[in-house]
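>>> sequence-free structure coming up:
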């Protein structure tokens, strides 16, 4: 079992929680980004830099994961691919993606994209805060506990 981080957009507090869990439970972590990212000195944590093509980090993760892996991502198409491949996807705000909810969220994302393209102001996500970090920590612990870690 590995933890994969879609590191291009993952908030630092969420990454730090994963790093601590990796050290505590001896779980391998792979961070994937289209640029170099900070990697703490640990033989359990690796960083993969992919080409700067559109969605190259997402494609790399989707191709490399195995059933039972855990992926941290806020990217809905990647989350859908992860769930389809039998792995678990959670976002940095602690939401677990399932076969049922990821399709619904993709539909909503597409709807909002259409509105934005038509000139409607739809806003964006709230800043990442303490409550988000707490929800992510709880979700991470819950999933690692289910996996016998």
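Sure thing, it's come through. A quick note: this is a predicted structure, and the numbers were derived from the prediction, not measured.
>>> going forward, measure contacts between C-alpha atoms and count neighbours the same way
Fine.
>>> just checking, next helix/strand downstream of the helix or strand harbouring residue 114?
For residue 114, the element it lies in under DSSP states H and E is helix 99-117. The helix or strand immediately downstream of helix 99-117 is helix 130-146, counting by DSSP H and E.
>>> From the contact counts, what lies against that following helix?
Contacts defined by 3 or more CA pairs under 8 Å, 6 or more residues apart in numbering; DSSP states H and E place helix 130-146 against helix 12-25.
>>> got a list of contacts for the helix it packs on?
5, 27-29, 40, 44-45, 92, 133, 136-137, 140, 149 (CA atoms under 8 Å, 6 or more residues apart in numbering).
>>> With neighbour count as added columns, please give those residues in JSON lines.
Listed next are those as JSON lines, based on neighbours: other CA atoms under 10 Å:
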{"residue": "5", "neighbour count": "28"}
{"residue": "27", "neighbour count": "18"}
{"residue": "28", "neighbour count": "19"}
{"residue": "29", "neighbour count": "24"}
{"residue": "40", "neighbour count": "12"}
{"residue": "44", "neighbour count": "15"}
{"residue": "45", "neighbour count": "20"}
{"residue": "92", "neighbour count": "28"}
{"residue": "133", "neighbour count": "19"}
{"residue": "136", "neighbour count": "24"}
{"residue": "137", "neighbour count": "19"}
{"residue": "140", "neighbour count": "24"}
{"residue": "149", "neighbour count": "15"}
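>>> Most widely separated two among those residues?
Maximum pairwise distance among the contacts of helix 12-25 (CA to CA): 22.5 Å, between 44 and 133.
>>> Quick check: mean pLDDT of the helix holding residue 114?
For helix 99-117, mean pLDDT rounds to 72.
>>> same thing with stretch 4-13?
Over the span of stretch 4-13, the pLDDT mean works out to 94.
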